[in-house]
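Engineer: how would this look folded up:
(chains A and B)
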2 protein chains.
Amino acid sequence: MTSDLSQYTLGYDIPALPGMKLDDVQTPALIVDLDAFDHNLLKMRDEIAKYGVRHRAHCKMHKSAEVAKLQIERGNACGVCCQKASEAEALARTGLADIMVSNEVCDPYKIDRLAQLPKLGARILVCTDNLANIADLSQAAVKHATQLEVLVELDCGGARCGVADSAAVLELATAIIAAANLRFAGIQSYQGAAQHAYDYADRKALLDTAITITKDAVDLLESKEIHCDIVGGAGTGSYPFEAASGVFNELQCGSYLFMDADYRKVKDKDGKHLPAFEHALFLLTSIMSTDIDGQAVCDAGLKAHSIDSGLPTVFERPDLQSLDYSDEHGVLKDPQNSLKINDKIKLVPGHCDPTCNLHDWYVGVRDGVVETLWQVTARGKFY
Amino acid sequence: MTSDLSQYTLGYDIPALPGMKLDDVQTPALIVDLDAFDHNLLKMRDEIAKYGVRHRAHCKMHKSAEVAKLQIERGNACGVCCQKASEAEALARTGLADIMVSNEVCDPYKIDRLAQLPKLGARILVCTDNLANIADLSQAAVKHATQLEVLVELDCGGARCGVADSAAVLELATAIIAAANLRFAGIQSYQGAAQHAYDYADRKALLDTAITITKDAVDLLESKEIHCDIVGGAGTGSYPFEAASGVFNELQCGSYLFMDADYRKVKDKDGKHLPAFEHALFLLTSIMSTDIDGQAVCDAGLKAHSIDSGLPTVFERPDLQSLDYSDEHGVLKDPQNSLKINDKIKLVPGHCDPTCNLHDWYVGVRDGVVETLWQVTARGKFY
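Structural biologist: Here you go, the predicted model:
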């Protein structure tokens, strides 16, 4: 399934080749610890199965069709989510068959492309939060003689997109049902702000509210005999709440698979990390200068990882600390001057989503040897 | 010179086609105002010529061979800088003939690739700050029967890479001169921290120190009859100091060409912006949700621009303000509820370098019409 690597130049297009030792990987490179990856993949499969709900894996995190297929085949996901029309197209082109854009698509040209994707054999779902958009989606689906499934996005506390209340959900659901070539698929109710509420009680309060708002909308629709195939939302930080709510039936976790330094801060009610997902994603970086006492400079800067959610931690090296990152450099505090030029270290990115988006490849490593490369299929697909 | 656009799909691979109106560009997209671009290009040409020094345009900012060629042909740059071996390779493959890696290259495989680049017809320069690296560079150049030109990087106050003092510069320069297939090219002395010291007096103090340190090293080398072909450094924030120093002879400005929100804060001694560079780079984004009173949501998030140096400003719309950015969304304060779905606005990115690195294309616009597309040639070339 991996793309043909022979067409690429090592160290120019690709960071590694299968069979290479980790120490020979060209840096900076995103590496995936395949043992930790497998652990996370199966752990989430079992977690969600326990609640009797579905998992729709969120691909906006990794943007890789190869990873998505593993989430479906081995992780028992029912389908995938993404955030953009061009991402959906990139995934549909690889044969993925059940793709939700968990976001609004409003531009006429984007809507037109989206409406063509069912021709590739995929069930295509999209969210909406306004009436004019429903008319545009319908018109495009009619034009291309396809069907789009549409969810109403409800603002359950995130204060970003989404309609404000149950009455508005009913109004839009009714319009979707009435529109040609659209099918009403349910409610999208994602509390993004709750994902990174580190404290359990804070998170619970946000989710209690979100679940109440969502239940109210579902109940109003049911009272009008409008059934929600999907009541979707949740993420790595919050999913136990949605899973146990009796309201949500499809969860959209993404970051659990790789984990990042920020998600490591989210604690359960006992003050422990949420059910033991491991760091599987690392930014491998090489030391390139050690001229200053007590510090070392590595080759991973702002073009190799995103610091919007905080600086990366140094994996299993409590003696080292991120001090500062510029475009192509990272400055590490190394009080014992333990690092030498060309030493490699593993950074745990602060925020996996925008970090993965910077790279073209994941290097899958097991026991210190490169086992596979996965392409970041939808990198650059942000239209 | 633009790549053949017919092989790409609009809205999937590329954001626009020449001849399109700005309102039809697929968002989020990086657009370049070609009038402002021309102004900046010629302004820097004239600024630097006034001091009688050379300009080596820094391509790490834009990563585009097409832009680099305009800087040489119309902006009178003597050559280009970049920061990585793979970037140098990407530029050399397009025929650029004078390429400095203004950074250390330490990994053996990267050194090997770098040493092959002169075969493409390019003068290749690289920096060093340690003796072992000089031996490695020499060995690779001998292996490939090429010549690398090597500058000693001096830490003139940035506390990142670079040797500490003149004695160390002399030691490394002597080693370069003695090494087979290397040529000593001079001193690299870049004060990165000074570029964003907004206050003139703060910046002057940092540069006074940097220039003194650099002059001391040049003088020591001259006393040993070692001539520096290049005494290089400077950036958009500091170049008037280096240009007037009588010590530096080659300046490495980059951001002046596009400008970003952070560089807009740098003031001259009269409290005005440095010599009138204009915002030429914008992130075009579309409004996708207006359900919440007093705010609007746009389609440009952390995957479309970098917020490490602060949130973007909204160009020529003082009534709008950046509130928050998540992976694919931006929330704008819009107190008058003036924005409607599918309205387009221009954001001025906080930091141009890591923002450009996220995109594959620049859309060059004049008078509201797309005139050209420039490829971000070296995107992903961070090895």
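Engineer: mind checking how far the helix or strand hosting A:Asp353 is from the chain centre?
Structural biologist: Using DSSP states H and E, A:Asp353 maps to helix A:352-356. Here the centre of helix A:352-356 is set off from its chain's centre by 9 Å, with CA atoms, centre = their mean, to the nearest Å.
Engineer: for A:Ala378, list the residues it contacts.
Structural biologist: A:Cys59, A:Lys63, A:Ser64, A:Ala65, A:Cys82, A:Ser86, A:Glu87, A:Ala90, A:Leu91 (CB atoms under 8 Å, 6 or more residues apart in numbering or on different chains). No exception for glycine: its C-beta is placed from N, CA and C like everyone else's.
Engineer: A:Glu328 too?
Structural biologist: A:Glu328 sits in contact with A:Asp299, A:Gly301, A:Leu302, A:Lys303, A:Ala304, B:Lys60, B:Gln83, B:Lys84, B:Asn103, B:Phe382, where contact means CB under 8 Å, 6+ apart.
Engineer: the third one contacts B:Ser309, doesn't it?
Structural biologist: Spelled out, that is A:Leu302. No. Using CB atoms under 8 Å, A:Leu302 is not in contact with B:Ser309; the gap is 9.1 Å.
Engineer: related to what we said a few turns ago, is chain B contacted by the helix holding A:Asp353?
Structural biologist: Yes. On the criterion CB under 8 Å from any CB of the partner chain, helix A:352-356 is in touch with chain B at A:Asp353, A:Pro354.
Engineer: give me the contacts around that helix.
Structural biologist: A:30, A:60-63, A:254-255, A:258-260, A:263, A:281, A:283, A:304-306, A:308, A:349, A:362, A:376, A:379, B:302-303, B:327.
Engineer: for the nearest residue to A:Ala179 once chain neighbours are set aside, the count of nearby residues, please.
Structural biologist: Closest residue to A:Ala179 apart from its sequence neighbours, by CB to CB, 6 or more residues apart in numbering or on different chains: A:Ser138 at 3.8 Å. Here the number of neighbours of A:Ser138 (other CB atoms under 10 Å in any protein chain shown) works out to 21.
Engineer: then A:Ala185?
Structural biologist: 22.
Engineer: that one contacts A:Leu151, doesn't it?
Structural biologist: Yes. Assessed by CB under 8 Å, A:Ala185 is found in contact with A:Leu151 at 5.0 Å.
Engineer: give the residues shared as contacts by these two.
Structural biologist: With CB under 8 Å, 6+ apart, A:Ala185 and A:Leu151 have common neighbours A:Leu125, A:Ile230.
Engineer: before we move on, back to that, so of the contacts of A:Ala378, which ones are in helices?
Structural biologist: Among the contacts of A:Ala378, the members falling in helices (DSSP state H) are A:Ala65, A:Ser86, A:Glu87, A:Ala90, A:Leu91.
Engineer: which of those residues sits closest to chain B?
Structural biologist: A:Ser86 (5.2 Å; CB to the nearest CB).
Engineer: name the residues of stretch A:34-52 that come out as buried.
Structural biologist: A:Leu34, A:Ala36, A:Phe37, A:Asp38, A:Asn40, A:Leu41, A:Lys43, A:Met44, A:Arg45, A:Glu47, A:Ile48, A:Tyr51 (16 or more other CB atoms under 10 Å in any protein chain shown).
Engineer: oh, I was asking about stretch A:226-237
Structural biologist: Buried residues in stretch A:226-237 (16+ other CB under 10 Å): A:Ile226, A:Cys228, A:Ile230, A:Val231, A:Gly232, A:Gly233, A:Ala234, A:Gly235, A:Thr236, A:Gly237.
Engineer: Throw these into TSV and include distance to chain B, secondary structure and pLDDT, thanks.
Structural biologist: TSV is the format used below for those (distance: CB to the nearest CB, whole Å; DSSP: H, G, I helix; E, B strand; the rest coil; pLDDT from 0 to 100):
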residue	distance to chain B	secondary structure	pLDDT
A:Ile226	21	coil	98
A:Cys228	20	coil	98
A:Ile230	20	strand	98
A:Val231	19	strand	98
A:Gly232	17	strand	98
A:Gly233	15	strand	98
A:Ala234	16	coil	98
A:Gly235	11	coil	97
A:Thr236	13	coil	96
A:Gly237	13	coil	94
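Engineer: before we move on, back to that, mind giving me the ChimeraX select for the contacts of helix A:352-356, buried ones only?
Structural biologist: Only the buried entries of the contacts of helix A:352-356 go into this ChimeraX selection, using 16+ other CB under 10 Å:
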select /A:30,60,61,62,63,254,255,258,259,260,263,281,283,304,305,306,308,349,362,376,379 /B:302,303,327
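Engineer: just the ones in strands from the contacts of helix A:352-356, please.
Structural biologist: A:Leu30, A:Leu281, A:Leu283, A:Tyr362 (DSSP state E).
Engineer: farthest-apart pair in these, please.
Structural biologist: Largest separation among the ones in strands among the contacts of helix A:352-356 by CB to CB: A:Leu283 and A:Tyr362, giving 11.2 Å.
Engineer: my guess is A:Tyr200 meets A:Asp268, correct?
Structural biologist: Yes. Applying CB under 8 Å, one finds A:Tyr200 in contact with A:Asp268, separated by 6.0 Å.
Engineer: dump the ones in helices among the contacts of A:Ala378 to a markdown table, plus pLDDT, distance to B:Ala97 and neighbour count.
Structural biologist: Listed next are the ones in helices among the contacts of A:Ala378 as a markdown table, based on pLDDT from 0 to 100; distance: CB to CB, whole Å; neighbours: other CB atoms under 10 Å in any protein chain shown:
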| residue | pLDDT | distance to B:Ala97 | neighbour count |
| --- | --- | --- | --- |
| A:Ala65 | 98 | 40 | 23 |
| A:Ser86 | 98 | 36 | 23 |
| A:Glu87 | 98 | 39 | 27 |
| A:Ala90 | 98 | 37 | 25 |
| A:Leu91 | 98 | 42 | 28 |
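Engineer: right, and the pair among those residues with maximum separation?
Structural biologist: The widest separation within the ones in helices among the contacts of A:Ala378 (CB to CB) is 13.4 Å, between A:Ala65 and A:Ser86.
Engineer: closest to the centroid, which residue in chain A?
Structural biologist: Residue closest to the mean C-alpha point of chain A, counted by CA atoms, centre = their mean, is A:Met61 at 2.5 Å.
Engineer: still on that earlier bit, can I get the ones in strands among the contacts of helix A:352-356 in JSON lines with distance to chain B and pLDDT?
Structural biologist: Output for the ones in strands among the contacts of helix A:352-356, formatted as JSON lines (distance: CB to the nearest CB, whole Å; pLDDT from 0 to 100):
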{"residue": "A:Leu30", "distance to chain B": "11", "pLDDT": "98"}
{"residue": "A:Leu281", "distance to chain B": "15", "pLDDT": "98"}
{"residue": "A:Leu283", "distance to chain B": "11", "pLDDT": "98"}
{"residue": "A:Tyr362", "distance to chain B": "13", "pLDDT": "98"}
